[in-house]
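Novice: attaching a predicted model along with its sequence, questions to come.
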Amino acid sequence: MAKFIVFEGIDGCGKTSQILHTINFLKDFKPIFLSKEPSTLKTGKLIKKLLKEQTDPKSNAELFTKLYRKDREEHNKLIKHQLNLGNIVILDRYYYSSIAYQQAQGTDVKKILKQSKKFIAPDLTIILDIPAKTAVQRLKARGSKEEKFEKLKFLEELREIYLKMPFYGEKFLDKGSSKKENIKIIDGSRTPEKVFEEIKEELKKL
């Protein structure tokens, strides 16, 4: 049976290393389709271009809301195709990022939640939680220049929204839906090995 797994969290939370651990753990089960958002499709490329040019994280919120929705609509077609093939889909960021980042940019959360309902719900969403100060330290250690989504105050605001994500998850699906959001918040401030031990237990449940 196909599985859809998403990794989320603020910048510097350790998603990349945990995705690699997950791929290595699941590689003997089924083919894996790895992707991310913004996607590598036409609209996703435009988003990345605009993000590089933008300096204020709270500007052009309405424009980004529309672009992310369009990119996700295009991306969901690929995701559905891979799931129909029976593959494991692993995604680096999904509509949870829209809820967190666009809400922090000033977009009404109700609007984002309404738009998210039509997209495929993951079988498992892992949110790696770390303090904003830890995130900044990690970003600096790997030589990252301070960018719009890497400012301390903004990251603190994002983290608070991510911690509320299980509550928001209850709002994604209409009442009576047989599929529910499965969101797990995991402490990402520990060593990568200890973090993955907890993730592995969630993967086993699938």
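Specialist: Perfect, thanks for sending it. Residues are numbered from 1 along each chain as shown.

Novice: and the longest helix that the chain contains, what other elements does it pack with?
Specialist: Counting residues, the longest helix found in the chain (DSSP state H) is helix 61-84. If contacts are counted by 3 or more CB pairs under 8 Å, 6 or more residues apart in numbering; DSSP states H and E, helix 61-84 sits against strand 32-36, helix 42-53, strand 88-92, helix 109-116. (C-beta placed from N, C-alpha, C; glycine too.)

Novice: among these, which is nearest Glu201?
Specialist: strand 88-92 (17.1 Å; CB to CB).

Novice: okay, now the sheet partners of the closest one, with direction.
Specialist: strand 3-8 (parallel), strand 32-36 (parallel) (DSSP bridges).

Novice: which outside residues touch it?
Specialist: Strand 88-92 has contacts (CB atoms under 8 Å, 6 or more residues apart in numbering) with 2-7, 15-16, 19, 22-23, 26, 29-37, 79, 82-83, 122.

Novice: just how off-centre is stretch 81-98 within its chain?
Specialist: 10 Å (CA atoms, centre = their mean, to the nearest Å).

Novice: still on that earlier bit, which among the contacts of strand 88-92 count as buried?
Specialist: 2-7, 15, 19, 22, 26, 32-33, 35-37, 79, 82-83, 122 (16 or more other CB atoms under 10 Å).

Novice: so what's the residue positioned nearest the centre of the chain up against?
Specialist: Note on the chain: the residue nearest the mean C-alpha position is Arg93, at 2.3 Å, using CA atoms, centre = their mean. Contacts for Arg93 (CB under 8 Å, 6+ apart) come out as 6-8, 15, 36-37.

Novice: reformat these as CSV; add pLDDT and distance to Ile161.
Specialist: Below are the contacts of Arg93 laid out as CSV (pLDDT from 0 to 100; distance: CB to CB, whole Å):
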residue, pLDDT, distance to Ile161
Val6, 98, 16
Phe7, 98, 16
Glu8, 98, 11
Lys15, 97, 16
Lys36, 96, 20
Glu37, 95, 17
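
Novice: return the member of these nearest to Tyr168.
Specialist: The shortest approach to Tyr168 among the contacts of Arg93 belongs to Glu8, at 11.7 Å (CB to CB).

Novice: residues in a beta bridge with the closest one, which ones?
Specialist: Ile127.

Novice: just give me the neighbour total for it.
Specialist: Glu8 is flanked by 25 other residues according to other CB atoms under 10 Å.

Novice: I figured it was touching Tyr96, is that so?
Specialist: Yes. With contact defined as CB atoms under 8 Å, Glu8 counts as touching Tyr96 (4.7 Å).

Novice: what do the two both touch?
Specialist: Residues touching both Glu8 and Tyr96 (CB under 8 Å, 6+ apart) are 125, 127, 162, 165.

Novice: give me the subset of the residues you listed lying in helices.
Specialist: Among the shared contacts of Glu8 and Tyr96, DSSP H puts 162, 165 in helices.

Novice: where does the prediction get shaky in this structure?
Specialist: Low-confidence segments of the chain (pLDDT under 70): 55-59, 144-150, 169-180.
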